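1. Have a look; sequence and predicted model below, questions after that.
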Amino acid sequence: MSQKNTVTEHFLAASSIHLENVLEYIDQLHTAASEGKSLNFTGMNEVETMNLLRELIYTAQESLVEIEMLHAHQRQRRNKQPVLRLVKKVEKAG
């Protein structure tokens, strides 16, 4: 069963952008937008660019939730595992 690529996955794969470069790219978008410059360097129109940014935000938020849930689940499993405690042998009286 093949899974459809999301816009984000397709964009990242097609553009060969590594994860560490995503923030830099978004910062360039922000700089251009805040200075009122054209976003033509994206190769997309404004609506496509905005939709891509929304998808990136959504995907990043969902990734954080999944990672946090995984860590919480791992902590919960660690806390439920039985613990072996060694105690000093005490001779019974009598």
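-> Now that the structure is in, tell me what you want to look at.

2. low-scoring stretches of the protein, by residue?
-> Judged by pLDDT under 70, the chain has its weakly predicted residues at 1-5, 8, 11-17, 81, 94.

3. Can you pull up the most central residue in it?
-> The C-alpha lying nearest the average C-alpha coordinate of the chain belongs to residue 63 (Cα atoms, centre = their mean; 3.3 Å).

4. how close does that residue sit to residue 49?
-> Per Cβ to Cβ, to the nearest Å, residue 63 is found 21 Å from residue 49. Every residue, glycine included, has its C-beta placed from N, CA and C.

5. helix or strand right after whichever strand or helix holds residue 21?
-> Using DSSP states H and E, residue 21 maps to helix 19-34. Tracing the chain C-terminally past helix 19-34 and defining elements by DSSP H and E, one meets helix 46-80 next.

6. what about residue 72, distance to residue 58?
-> Per Cβ to Cβ, residue 72 is found 21 Å from residue 58.

7. And for residue 48?
-> 15 Å.

8. got the CA coordinates for stretch 28-45 in CSV?
-> Extracted C-alpha coordinates of stretch 28-45, given in CSV (Å, rounded to 0.1, in the frame of the first residue of the first chain):
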residue,chain,number,x,y,z
GLN,A,28,14.2,34.1,3.9
LEU,A,29,10.4,33.9,3.3
HIS,A,30,9.8,35.9,6.4
THR,A,31,12.4,38.6,5.5
ALA,A,32,11.0,39.0,2.0
ALA,A,33,7.4,39.2,3.3
SER,A,34,8.2,41.6,6.1
GLU,A,35,10.1,43.9,3.6
GLY,A,36,7.3,43.7,1.1
LYS,A,37,9.4,42.0,-1.5
SER,A,38,8.3,39.5,-4.0
LEU,A,39,8.2,35.8,-3.1
ASN,A,40,8.9,34.7,-6.7
PHE,A,41,12.0,32.9,-5.5
THR,A,42,9.8,30.1,-4.1
GLY,A,43,8.6,29.1,-7.6
MET,A,44,5.0,29.2,-6.3
ASN,A,45,2.4,31.9,-6.2
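
9. Run the chain-centre distance for that stretch.
-> From the chain centre to the centre of stretch 28-45 is a distance of 24 Å (Cα atoms, centre = their mean, to the nearest Å).
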